Every structure is written in structure tokens, then in C-alpha cells.
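> Need coordinates for the following:
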Amino acid sequence: MLKEIKRSSDVAEFIATAENMIAKYGWQDKTVHPYSFPMKVTKIIEDLKDYDRCTEGSKDYLIALANGLAPIMNSWEEYEQAEKITVRIKKSGKITKILASDLDMFADLVEAI
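Alright, predicted model coming up:
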């Protein structure tokens with residue numbers, strides 16, 4: 001779980017934790033949309049690695065970006081760790097996994113297998 005960056009000494013821990021999450025869950029191509037434009041999460045982490053070489057304004061920007069990313073990645077991790085069940089989509093026959101808690105919502109569209 002990512003923790004908010006409160007001081008410069010928190011940056012390295014944030015980077016290490018984020019990189020572990022990205023590798024563990026295969027999020028290399030996931031994007032977020034800070035300031036209304038898409039950015040890969042890996043790009044944000046790579047930029048954060050240059051933190052010590054940045055101006056104070058850029059450091060503030062990077063911390064704001066990272067602290068906005070943290071709750072997003074934490075919610076993605078919660079989803080990854082949540083109990084899922086395998087279902088068949090009735091219309092297409094495709095097999096996929098959904099949250100166990102969502103089975104009732106999709107009951108007319110899928111069948112548990």
C-alpha cells in the first residue's frame with residue numbers, strides 16, 4: 001500500500017513500493033489522467049526518480065502528482081486482492097473473472113462456472 005509523501009525522505013520508499021505494485025500486478029500500461037491528460041503510471045514513477053535533481057517547484061509538482069496517484073493505485077490493489085469468481089458471459093461464451101460481490105448485479109448476463 002502506498003503512503004502519502006510528506007517529506008523528501010519518503011520519496012524513495014514511495015518509488016520502491018509503487019514499482020513493486022506495478023511489477024506484481026502487471027500495471028506497466030495503466031494510465032491515469034492528472035490535469036486531464038493521460039500519463040502512464042510508470043512515467044510518473046520514472047519522473048519521481050529525478051526528484052533530487054529538480055527545482056523546488058518541480059519537486060512540489062512531483063509530490064502532488066505522486067500523492068494523487070497513491071489512492072488510485074491503492075484502490076487498484078484492493079480490487080486485485082478482492083475475491084473473484086470465474087464466470088461465462090452468456091452472450092459471447094467468453095470466460096472471465098468478476099468480483100464475487102458483483103455476481104448478483106450481473107446475474108442475467110453471466111453464469112458462474
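> what separates Thr42 from Lys24, distance-wise?
Distance, Thr42 to Lys24, using CB to CB, to the nearest Å: 14 Å. In this view, the C-beta of every residue, glycine as well, is placed from N, C-alpha and C.
> Compare those two (neighbour count), which wins?
Remark: of Thr42 and Lys24, Thr42 carries more neighbours, 16 against 10, as counted by other CB atoms under 10 Å.
> what's the helix or strand for the more buried one?
According to DSSP states H and E, Thr42 maps onto helix 41-48.
> same question for that helix, mean pLDDT?
Model confidence over helix 41-48 averages 98 on the pLDDT scale.
> and the next helix or strand after that helix, average pLDDT?
Sequence-wise, the next helix or strand downstream of helix 41-48 (DSSP H and E) is helix 56-81. Averaged across helix 56-81, the pLDDT comes to 97.
> Which segments of the protein make up each domain?
What automatic domain parsing lists as the domains of the chain is 8-81, 83-113.
> what's the first-to-last distance across the shortest one?
Pointing back at domain 83-113 there. 15 Å (CA to CA, to the nearest Å).
> same thing with the first one?
Across its full length, domain 8-81 reaches 30 Å end to end, with CA to CA as the criterion.
> what sits against the residue at minimal distance from the centre of the chain?
For the chain, the residue nearest the mean C-alpha position is Met73 (3.0 Å; CA atoms, centre = their mean). Contacts here follow CB atoms under 8 Å, 6 or more residues apart in numbering; on that basis Met73 touches Leu2, Ala18, Met21, Trp27, Val41.
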